[in-house]
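Peer 1: sequence first, then the predicted structure:
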Amino acid sequence: MTEPVERADIVIIGAGPVGMTLARAIADSPYQVLLIDHRPRGAWSADPRALALAHGSRQILETLGAWRASAATPIESIHVSQRDGFGRTLIEAADYAIPALGYVMRYRDLAAALDEQIGTGRLLDDSRVVDLKQGHDAVHLAVDCHGDIHRIDARLVVHAEGSPANDSSVRVCDYRQHAVVSEVSPVAAHRRRAWERFTADGPVALLPLGQDYSVVRTVPSEQADELLACDEQGFLAALRKQFGGRLDFSRCGPRAAFPLALRWRNQLTTPRQLWIGNAAQTLHPVSGQGLNLGLRDARVLAELLSSRPDADPGDHSLLASYARNRCFDRIGGVTFTDSIVRIFSNDLGPLRLARGAGLLALDLLPPLRHFVARRMIWGARAWP
């Protein structure tokens, strides 16, 4: 007996923030959309991770009705400096006539806002794609949904969750660094200012979150276990030292660490398949560009699909147009973050001087500072 086959115009694999953003953005289109996620719905409700969202990402989410201002802490200024070297710069939202350069929000709050907009419709949760075959007019998927196999034919499959570790089509550059993350309470109010401090070990970011800071400290991989194992006072003392005593902290929360690598998919599309967000590129967390780049991926794809409501969503010309459109922003984001990591994560004297000169130039030359700030806020192709 032949198994029944369900048909969908667009299948999105991965219901993280990027996948849900795309699903919401095309929900009102003529296309029949199905979202598949390997986690049970609401699994994110206990996820305490902090996310850095640029002002441009807020604008994307607002258009979808998925922005929760009450859950977001604004970043009104960013202080950038290096340890044991001269030069610093200050980037302020007031220079760009916007309320904030960016926002810090917990993963669970962003996921909840997007999930609410998606509703109870076309989502297969707790489901895994166990087989995927490329056909001429459709991609044939076998999905294990709560123990039952569903056969689905899709005219377009959008991959929106991270690529498997053994994916040969993804280039990986191991930074040999770990990010140690935690939350700390400052002794003095943060006044909605974020700090980016470059050290010989790697960048340290303090992002305002409620009354506290979310800390992302980059260290060589062998040092991560030491920071996880030391007691609270030892961790706070090490953090104070990185800021030269300029900032003080009274408490820290639980700590966690994860390895850092650049993952880059050279080919964004194959026949009737397309990759966005972390499935297309995973960046170093310095300057917080990864999620924002993924949300712009979703927005651009949604705009292209909406501009061709009667077209085949898996049409080669549409996918090629998407790949061309995203090329400049992707390369710009990767080059920007990768260059920062390589230039600032060492303690060579000549490079320390060059870094200081660069930071001083940013501070003294507004056009240069505005170029960097606008790239962080809106990306390479989305400036207002």
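Peer 2: Thanks, I have the structure now.

Peer 1: show me what contacts the residue lying closest to residue 192 once chain neighbours are set aside?
Peer 2: Excluding the flanking residues, the one nearest residue 192 by CB to CB, 6 or more residues apart in numbering is residue 76, at 4.3 Å. The C-beta positions use only the backbone N, C-alpha and C, and glycine is treated the same way. Residues near residue 76 by CB atoms under 8 Å, 6 or more residues apart in numbering: 92, 93, 94, 99, 100, 101, 191, 192, 193.

Peer 1: let's see that with 7 Å instead.
Peer 2: 92, 93, 100, 101, 192, 193 (CB atoms under 7 Å, 6 or more residues apart in numbering).

Peer 1: how close does the last one sit to residue 245?
Peer 2: Noted for residue 193: a distance of 17 Å to residue 245, by CB to CB, to the nearest Å.

Peer 1: quote the end-to-end distance of stretch 91-111.
Peer 2: Stretch 91-111 stretches 29 Å from its first residue to its last (CA to CA, to the nearest Å).

Peer 1: try stretch 151-171
Peer 2: 31 Å.

Peer 1: re the thing from before, out of residue 193 and residue 245, which sits in the busier spot?
Peer 2: Between residue 193 and residue 245, counting by other CB atoms under 10 Å, residue 193 is the more crowded of the two (17 against 8).

Peer 1: tell me the bridge partners for the nearest residue to the more buried one once chain neighbours are set aside.
Peer 2: Nearest residue to residue 193, sequence neighbours excluded (CB to CB, 6+ apart): residue 77, at 4.8 Å. Bridge pairing for residue 77 (DSSP bridges) gives the partners residue 92, residue 193.

Peer 1: which other helices and strands contact the helix or strand hosting residue 328?
Peer 2: Here residue 328, judged by DSSP states H and E, is contained in helix 316-344. Judged by 3 or more CB pairs under 7 Å, 6 or more residues apart in numbering; DSSP states H and E, the packing partners of helix 316-344 are strand 256-265, strand 269-270, helix 290-307, helix 349-364.

Peer 1: so for that helix, what's the average pLDDT?
Peer 2: Average pLDDT, helix 316-344: 89.

Peer 1: try stretch 117-125
Peer 2: For stretch 117-125, the per-residue pLDDT averages 82.

Peer 1: next, the buried residues of it.
Peer 2: Judged by neighbour count (16 or more other CB atoms under 10 Å), stretch 117-125 contains these buried residues: 117, 118, 122, 123, 124, 125.

Peer 1: show me the contacts for the last one.
Peer 2: Contact partners of residue 125, counting by CB under 7 Å, 6+ apart, are 37, 39, 40, 41.

Peer 1: quick check: closest non-adjacent residue to it.
Peer 2: residue 41 (4.0 Å).

Peer 1: any idea how many residues pack against the one you found?
Peer 2: 15.

Peer 1: relative to residue 262, how far out is residue 173?
Peer 2: 4 Å.

Peer 1: next one, pLDDT for the closest residue to residue 18 other than its chain neighbours please.
Peer 2: Residue nearest to residue 18 in three dimensions, not counting chain neighbours: residue 277, with 3.4 Å by CB to CB, 6+ apart. pLDDT recorded at residue 277 is 96.

Peer 1: same thing with residue 287?
Peer 2: Taking residue 287 on its own, its pLDDT is 77.

Peer 1: does it sit in a helix, a strand or a coil?
Peer 2: Of the three states, residue 287 takes helix according to DSSP: H, G, I helix; E, B strand; the rest coil.

Peer 1: touching, it and residue 376? I think so.
Peer 2: Yes: using CB atoms under 7 Å, residue 287 makes contact with residue 376 at a distance of 6.0 Å.

Peer 1: what is the burial count for the residue nearest to residue 193?
Peer 2: Neighbours around residue 77, by other CB under 10 Å: 18.

Peer 1: for it, give me its contacts.
Peer 2: Residue 77 neighbours (CB under 7 Å, 6+ apart): 90, 91, 92, 93, 193.
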